[in-house]
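Enquirer: Here you go, sequence then predicted model.
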Protein chains: 2
Amino acid sequence: MADRTRARSEAETRVEGLLAVLRTRGHRVTTPRRLLLRSLVEVGGHRTAEELAAAVQAEAPDVHLSTIYRNLDELEQLGVIEHAHLGHGAAAYQLTEDPHSHLVCAGCGATLEVPDTLFHPLVQRALADYSFHVDPHHDALVGRCEDCAAEQ
Amino acid sequence: MADRTRARSEAETRVEGLLAVLRTRGHRVTTPRRLLLRSLVEVGGHRTAEELAAAVQAEAPDVHLSTIYRNLDELEQLGVIEHAHLGHGAAAYQLTEDPHSHLVCAGCGATLEVPDTLFHPLVQRALADYSFHVDPHHDALVGRCEDCAAEQ
DNA sequence: GTTCTTGCAAAAGCTTTGCAGGAAG
DNA sequence: CTTCCTGCAAAGCTTTTGCAAGAAC
């Protein structure tokens, strides 16, 4: 229980810190925003707008999907979160802190989170050869995982 | 004129070769399919379904967008083409021959075509470290071009 | 003649937008 | 009290699907 208590207050501390960013920049602190940030902090990884809406609605059922989208946009403009396109379906959102990139298997749909260091050689070569600054989080790399590659 | 004639017949030869793939695998050769392949060969690079539809409709106005999508799916399953998600909007399709990858600027939307060699270190490390086979064509890398990066 | 394709229309999935009421500061 | 946010409904864009008529083989 001590663990859970500590974990919860740690999460709340992070949420408060992120809310402070909103306040500082003249945005208002509302229930949907607080719950959305809490969901993002608690899940850690990446989630679709719909998944985040479900998490928020567990506490405040009336929060509308469009509110989630508007707040995700806003938080992204503030640099608090960013979104990536994982394969086909919906976009995935994650906190900018603890950044990671994604590998998505085209066969089974499995998602691998990988450290950004994997992209470093590519980022440097893109900059050197094309003067292009790659943001490795925005899109997943698509391919085949070990099992699905073996099937072929 | 000699150039244009030769270019056209070269393109037609490639189209016929691709149609032969269809025939060999038991698929039928139809006007929309021929025109779609011709458009893909002629533009060389990547195009959205809507752009390809426009090109096809220049010759056969009744060809429907849904037919374009169905044929793109079919050609992709045959391995003749593949699609990539460039930033947000619609998917981009290209012939599998002469493969290249994409860098998309999040600021101005410009698209850079880059050789696959740029991805080789990453592909090798993904395989070595995660047993994951990356297909670098499926998604564009998003970032900022020189000009847009300078603005910040 | 049989099977595969097509055109059309409708719908699906994700996301954005207009608006009027309500909450935050 | 003023401005910003929200919920709702409706629409937007890309893509998919059902179906009956028509084309390819």
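Expert: Yes, it's here.

Enquirer: got the buried residues for stretch A:125-133?
Expert: Across stretch A:125-133, burial judged by 16 or more other Cβ atoms under 10 Å in any protein chain shown covers A:125-126, A:130, A:132-133. Quick note: C-beta positions are derived from backbone N, CA and C, even for glycine.

Enquirer: Thought A:Arg25 was touching A:Leu78, still the case?
Expert: Yes - using Cβ atoms under 8 Å, A:Leu78 is in contact with A:Arg25, at 6.3 Å.

Enquirer: quick one, which of these two is more surrounded?
Expert: A:Leu78 (15 against 10; other Cβ atoms under 10 Å in any protein chain shown).

Enquirer: contacting residues around that one?
Expert: A:21-22, A:25, A:27 (Cβ atoms under 8 Å, 6 or more residues apart in numbering or on different chains).

Enquirer: One more pass at 7 Å, please.
Expert: When contacts are counted by Cβ atoms under 7 Å, 6 or more residues apart in numbering or on different chains, A:Leu78 touches A:21, A:25.

Enquirer: Please report how far it lies from DNA strand C.
Expert: Look at A:Leu78 and DNA strand C: by Cβ to the nearest atom of the strand, to the nearest Å, they are 15 Å apart.

Enquirer: With A:Ile68 instead?
Expert: According to Cβ to the nearest atom of the strand, A:Ile68 stands 8 Å off from DNA strand C.

Enquirer: Could you list the buried residues of whichever helix or strand that residue is part of?
Expert: A:Ile68 belongs to helix A:65-77 when elements are defined using DSSP states H and E. Neighbour counts over helix A:65-77 (16+ other Cβ under 10 Å) mark A:67-68, A:71-72, A:74-75 as buried.

Enquirer: average pLDDT for that helix?
Expert: For helix A:65-77, mean pLDDT is 97.

Enquirer: Also stretch A:141-151?
Expert: 82.

Enquirer: cool, stretch A:110-122 as well?
Expert: Stretch A:110-122 shows a mean pLDDT of 84.

Enquirer: In a strand, A:Ala60, correct?
Expert: No - in this structure, A:Ala60 is coil, not part of a strand, as judged by DSSP: H, G, I helix; E, B strand; the rest coil.

Enquirer: thinking again about what came up before, helices or strands next to the helix holding A:Ile68 in the packing?
Expert: helix A:31-43, helix A:49-57, strand A:81-85 (3 or more Cβ pairs under 7 Å, 6 or more residues apart in numbering or on different chains; DSSP states H and E).

Enquirer: Can you tell me which of those is nearest to DNA strand D?
Expert: DNA strand D sits nearest to helix A:31-43 of all the helices and strands packed on helix A:65-77, at 3.7 Å, using Cβ to the nearest atom of the strand.
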